[in-house]
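In: What shape does this take:
(one chain, ligands or ions: 1)
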Amino acid sequence: MQKRYMLLVTLACILFGMKFIGGSAAAQAAPQRVEVTAKRFEFEPAEITLKKGVPVDFVLKSADVAHGIRIRELNLDLKVNKGGTSDVTLTPDKTGDFVGHCSVFCGTGHGKMAFTVHVVE
Ligand SMILES: [Cu+2]
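Out: Predicted structure coming up:
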């Protein structure tokens with residue numbers, strides 16, 4: 001009878017352990033959040049590093065007028081309204097350094113607004 005009880009306790013521990021591991025895996029699956037602020041005429045930060053195959057919630061905020069960010073190689077094309085916030089889930093599928101630019105004309109320095117994403121393994 002005691003053996004049976006021990007077996008039950010062991011089983012309960014295993015089940016609890018699995019639930020715990022499952023819970024932390026689910027927490028890891030929630031995308032990491034990356035915030036970038038666009039303002040005349042720069043992005044802050046101007047570069048970020050992401051991991052290949054790991055989804056991130058990419059948030060673009062505007063501190064002044066409308067801006068955008070486009071990196072063709074990463075299928076990133078996001079626009080933000082004046083003073084607004086936009087976001088998209090981004091999962092880089094290749095490694096490398098990718099340079100994007102502001103995709104909404106925002107003034108004289110618009111052409112200089114560059115943003116770099118480093119994607120690593
Ligand atoms: Cu611009």
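In: Every contact and neighbour count from this point should use C-alpha atoms.
Out: Will do.
In: I figured K112 was touching F43, is that so?
Out: No. K112 is beyond contact range of F43, at 10.2 Å (criterion: Cα atoms under 8 Å).
In: more neighbours, these two?
Out: Legend: neighbour count by other Cα atoms under 10 Å for K112 and F43, higher for F43 (22 against 12).
In: hang on, the more buried one packs against E35?
Out: No. Checked against Cα under 8 Å, the pair F43 and E35 is beyond contact range at 10.3 Å.
In: those helices in the chain, which residues are they?
Out: 2-29 (DSSP state H).
In: How about the residues of it by the ion?
Out: C102, V104, F105, C106, H110 (Cα under 5 Å from the ion).
In: rerun that using 6 Å as the cut-off
Out: Contacts of the chain with the ion, taken as Cα under 6 Å from the ion, map to H67, C102, S103, V104, F105, C106, H110.
In: From the domain annotation, what segments belong to each domain of the protein?
Out: Using automatic domain parsing, the domains assigned to the chain come out as 1-30, 31-120.
In: and among those domains, the most buried is which?
Out: With neighbours taken as mean count of other Cα atoms under 10 Å, the domains of the chain reach their highest mean count in domain 31-120, at a mean of 17.
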